[in-house]
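*Asks:* Next comes the sequence, and after it the predicted model I'd like to discuss.
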Amino acid sequence: QRSEEGKQWFSRVMELIGKGRKSDSEQFSQVREVVEGMAQSHADLLDRFNDMSRQHDSDHKTIEKLSAELTTLRDQLAGQDGDPTDRFRATGGNAAEMPGF
């Protein structure tokens, strides 16, 4: 599930830590664990950032599309006749009220 960039980051940090593992003393084991945790956290954060960046790009495209549609609709509505007295009358019928279904 982790992205390639996150995997590469985690692998680089683990490789750097692993080079000296055989020669490390016990006093550095806690430091190593903290660094591993930080590398894991950074890799996860990098993945989340990339996901949010992709979502932002998608949202931006959607907003641009909707804005263009809204502008088109406003232009169409501005061109329509707004005076109800000049509208076309319905033809036919004898002005009798019909039952609503």
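*Replies:* Looks like it arrived, so ask away.

*Asks:* What is the neighbour count of the spatially closest residue to Q40 that is not a sequence neighbour?
*Replies:* Spatially, and ignoring its direct neighbours in sequence, Q40 is nearest to F10 (6.5 Å; C-beta to C-beta, 6 or more residues apart in numbering). All C-beta spots, glycine's among them, are computed from the backbone N, C-alpha and C. Residues near F10, counting by other C-beta atoms under 10 Å, number 19.

*Asks:* repeat for A39
*Replies:* 19.

*Asks:* Tell me the spacing between it and V31.
*Replies:* For A39, the distance to V31 equals 13 Å [C-beta to C-beta, to the nearest Å].

*Asks:* my read: the residue nearest to Q40 touches D44, true?
*Replies:* No. Contact between F10 and D44 fails when scored by C-beta atoms under 8 Å: they sit 9.1 Å apart.

*Asks:* per-residue pLDDT, the residue nearest to Q40?
*Replies:* pLDDT for F10: 77.

*Asks:* list the helices and strands the helix or strand containing it packs on?
*Replies:* Using DSSP states H and E, F10 sits in helix 4-19. Contact here means 3 or more C-beta pairs under 8 Å, 6 or more residues apart in numbering; DSSP states H and E; on that basis helix 4-19 packs against helix 29-79.
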